[in-house]
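# this one's sequence-less:
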């Protein structure tokens with residue numbers, strides 16, 4: 001904690017009244033009775049009772065820092081975003097790293113995806129790139145998200161983490177196989193926040209001044225190098241220093257060792273998207289780099305620690321729908337769901353005026369100009385004496401056509417609860433990862449990590465999940481089966497079934 005500048009300041013109440021004594025309550029004596037008229041005492045205790053705002057349902061444990069993003073390459077042929085308009089242009093940023101499933105007091109070393117959220121304070125408003133350290137996710141339809149997160153949390157009866165919940169859901173959701181494979185590799189336990197990549201995860205729209213649009217995937221590449229923990233190392237750190245990644249980030253910046261990442265983009269045209277072998281809007285899949293090479297965009301450096309963790313990190317609010325002209329959404333179902341869910345979570349945690357909190361407030365001049373009024377925690381002029389409705393003839397702000405709007409996208413279809421069919425494509429990328437990307441050591445650690453966790457689940461769930469590993473790659477499934485002492489022939493038989501048949505065949509313990 002930093003010391004004050006030495007200037008003497010009088011202690012005062014929240015209303016600014018001077019405090020003469022902060023060590024003794026008003027009372028009738030010693031011993032005696034305290035008096036309810038002690039406004040200072042009541043204010044102090046009442047505020048203390050309210051120091052904790054609701055914890056984030058996900059991404060509760062995190063750390064953050066300020067920095068700067070600088071454009072290094074010309075991408076104006078793809079986007080008219082002002083903050084990307086000129087090589088050398090700099091934009092202030094705030095970044096929050098986090099774990100996903102654990103509570104606020106959980107260990108930084110937990111096997112868990114890591115959140116990687118960047119707020120760009122651009123001249124056209126705040127742009128949030130809210131992603132993870134993995135380029136994909138477990139599910140592709142947001143209606144599944146509450147159920148998925150429940151399985152990553154605690155059993156409602158025991159309040160303990162439950163392998164049956166965890167693997168039952170994943171084995172009933174085969175689209176999760178790619179992310180599950182990454183999670184149980186050593187990539188599931190990054191050594192520090194500085195030593196991991198970040199990804200926007202979703203496919204986004206970029207559009208240029210000519211009205212052309214492109215579909216993009218965005219990636220942060222760490223310049224510190226990738227470092228991961230083994231399962232044993234992560235368990236050891238959870239006991240010896242559960243805040244090691246939080247500490248590492250703060251101390252590195254404090255000593256002037258400023259971490260940096262390169263921003264890169266994969267860009268595809270609408271025509272390429274329509275013909276690609278995988279659905280480019282399915283968040284459980286990547287765009288192969290051989291098909292769409294990464295294009296350099298810029299460099300981000302974190303160079304300043306927050307002065308107050310609660311005010312700046314705990315109250316930081318990111319939302320994937322915080323776009324600026326030149327950037328927009330795509331028909332990625334998970335992105336569509338997050339565009340609603342994230343700001344709604346902030347309205348619950350921080351109130352309807354969360355964007356007035358300094359860490360969230362736009363730095364662009366003149367900032368927020370609209371007809372939103374009132375609600376909890378108004379800290380600006382609340383519109384002053386101006387009109388609070390639109391349209392009006394009282395000189396209030398009006399929409400401007402000076403900024404390019406996202407191009408029109410033709411949409412046709414029927415209103416229904418559509419769900420993509422499960423196909424071999426849902427297992428192909430996990431198989432590629434296992435066969436071609438991972439080293440022998442990576443594969444050994446992956447199998448050991450899966451067996452250590454899946455081994456705690458019921459046997460019928462073990463069989464169902466191992467059959468999914470087999471569908472990704474037979475060697476993958478056989479090695480998990482061997483580690484769990486499962487019948488390899490039954491695993492292969494289950495893998496040959498449809499998902500409905502596989503679920504029916506493993507619905508209960510033998």
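Structure's in. What do you need? Because the structure is predicted, anything quoted here is derived from the model rather than measured. Numbering: from 1, shown residues only.

# contacts for stretch 451-460 next, please.
Defining contact as Cβ atoms under 8 Å, 6 or more residues apart in numbering, one finds that stretch 451-460 is touched by 111, 163-164, 166-168, 184, 231, 461-462, 465-466, 480, 483-484, 486, 506-510. Yep, even glycine has a C-beta here, placed from its N, CA and C like the rest.

# ok, of those residues, which come out buried?
Of all the contacts of stretch 451-460 considered here, the ones buried according to neighbour count by 16 or more other Cβ atoms under 10 Å are 111, 163, 166-168, 184, 231, 461-462, 465-466, 480, 483-484, 486, 506.

# farthest pair within these?
When Cβ to Cβ is used, the two most widely separated members of the buried ones among the contacts of stretch 451-460 are 231 and 506, lying 26.5 Å apart.

# between the buried ones among the contacts of stretch 451-460, which is nearest residue 315?
Using Cβ to Cβ, the shortest approach to residue 315 within those belongs to residue 111, at 27.8 Å.

# hang on, that closest one is in a helix, isn't it?
No. Remark: residue 111 does not belong to a helix; assigned using DSSP: H, G, I helix; E, B strand; the rest coil, it is coil.

# among the buried ones among the contacts of stretch 451-460, name the ones in helices.
In helices, defined here by DSSP state H, the members of the buried ones among the contacts of stretch 451-460 are 163, 166, 167, 168, 231, 461, 462, 465, 466, 480, 483, 484.

# didn't residue 220 look like it was pressed against residue 116?
Yes. Under the criterion of Cβ atoms under 8 Å, residue 220 is in contact with residue 116, at a separation of 6.5 Å.

# need the overlap of contacts for those two.
198, 199.

# might you report the residue contacts of residue 427?
Under the contact definition (Cβ under 8 Å, 6+ apart), the residues listed for residue 427 are 174, 177, 468, 471, 472.

# list buried residues within the residues you listed.
Once neighbours are counted (16+ other Cβ under 10 Å), the buried part of the contacts of residue 427 comes down to 174, 177, 468, 471, 472.

# what's the farthest-apart pair in those?
Based on Cβ to Cβ, the longest span within those runs between 174 and 472 and measures 9.6 Å.

# can you list contacts of stretch 323-339?
Applying Cβ under 8 Å, 6+ apart, the contact partners of stretch 323-339 are 79-84, 120, 122, 124-127, 130, 137, 139-143, 145, 202-208, 213, 215, 281-283, 319-321, 403-406, 409.

# and the buried ones among those, selectable in PyMOL?
Under the burial definition 16+ other Cβ under 10 Å, those of the contacts of stretch 323-339 that qualify are selected in PyMOL by:
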select buried, resi 79+80+81+82+83+84+120+122+124+125+126+127+130+137+139+140+141+142+145+202+203+204+205+206+207+208+213+215+281+282+283+319+320+321+406
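
# could you list which of the contacts of stretch 323-339 belong to helices?
Here DSSP H is the test, and the contacts of stretch 323-339 give residue 145 as lying in helices.

# what helix or strand is the residue nearest to the spatial centre of the chain located in?
Of all residues in the chain, the one closest to the mean position by Cα atoms, centre = their mean is residue 115, 3.8 Å from it. Residue 115 is part of strand 114-122 when elements are defined by DSSP states H and E.

# what's that strand packed up against?
On a contact count with 3 or more Cβ pairs under 8 Å, 6 or more residues apart in numbering; DSSP states H and E, strand 114-122 meets strand 62-71, strand 90-99, strand 125-132, strand 198-199.

# the same query, at a cut-off of 10 Å, please.
The contact analysis (3 or more Cβ pairs under 10 Å, 6 or more residues apart in numbering; DSSP states H and E) places strand 114-122 against strand 62-71, strand 90-99, strand 125-132, strand 198-199, strand 213-222, strand 260-268.

# how about low-confidence regions in this structure?
Low-confidence regions of the chain, defined by pLDDT under 70, span residues 1-6, 510.

# in it, where's the longest helix?
Among the elements of type helix in the chain, defined by DSSP H, the one spanning the most residues is helix 333-349.

# report the buried residues of the following helix or strand past it.
With elements assigned by DSSP H and E, the helix or strand that comes after helix 333-349 is helix 425-432. Neighbour counts using 16+ other Cβ under 10 Å place 426, 427, 428, 429, 430, 431, 432 of helix 425-432 among the buried residues.

# surely the third one and residue 285 touch.
The reference is to residue 428. Yes. Taking contacts as Cβ atoms under 10 Å, residue 428 lies within contact range of residue 285: 8.7 Å.

# any shared contact partners between the two?
178, 277, 278 (Cβ atoms under 10 Å, 6 or more residues apart in numbering).

# can you tell me the closest non-neighbouring residue to residue 248?
Nearest residue to residue 248 in three dimensions, chain neighbours excluded: residue 192, at 4.5 Å (Cβ to Cβ, 6 or more residues apart in numbering).

# same question but for residue 225, I mixed them up
The spatially closest residue to residue 225, leaving aside those adjacent along the chain, is residue 195, at 6.3 Å (Cβ to Cβ, 6+ apart).

# pretty sure residue 94 is touching residue 64, no?
Yes. Applying Cβ under 10 Å as the test, residue 94 and residue 64 come out as touching, 6.4 Å apart.

# can you list the domains in this protein?
For the chain, whose domains are defined here by automatic domain parsing, the residue ranges read 62-137+191-356, 139-172+424-510.

# any chance of these in TSV with distance to residue 47 as columns?
Converted to TSV, those look like this (distance: least, Cβ to Cβ, whole Å):
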stretch	distance to residue 47
domain 62-137+191-356	13
domain 139-172+424-510	30
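
# relative to residue 369, which of these is closest?
domain 62-137+191-356 (10.4 Å).

# show the end-to-end separation of the closest one, please.
Distance across domain 62-137+191-356, first residue to last, is 21 Å (Cα to Cα, to the nearest Å).

# ok so, going back, name the residues contacting each of residue 174 and residue 472.
Counting by Cβ under 10 Å, 6+ apart, the common neighbours of residue 174 and residue 472 are 180, 426, 427, 430.

# output the contacting helices and strands for the particular helix or strand that has the first one in it.
Looking back up the chat, that one is residue 180. When elements are assigned from DSSP H and E, residue 180 belongs to helix 177-183. Secondary structure elements in contact with helix 177-183, counted by 3+ Cβ pairs under 10 Å, 6+ apart, are helix 163-171, helix 425-432, helix 440-454, helix 459-472.

# off-centre distance for that helix?
Between the mean C-alpha location of helix 177-183 and the chain-wide mean there is a distance of 17 Å, by Cα atoms, centre = their mean, to the nearest Å.

# sweet, I'm off.
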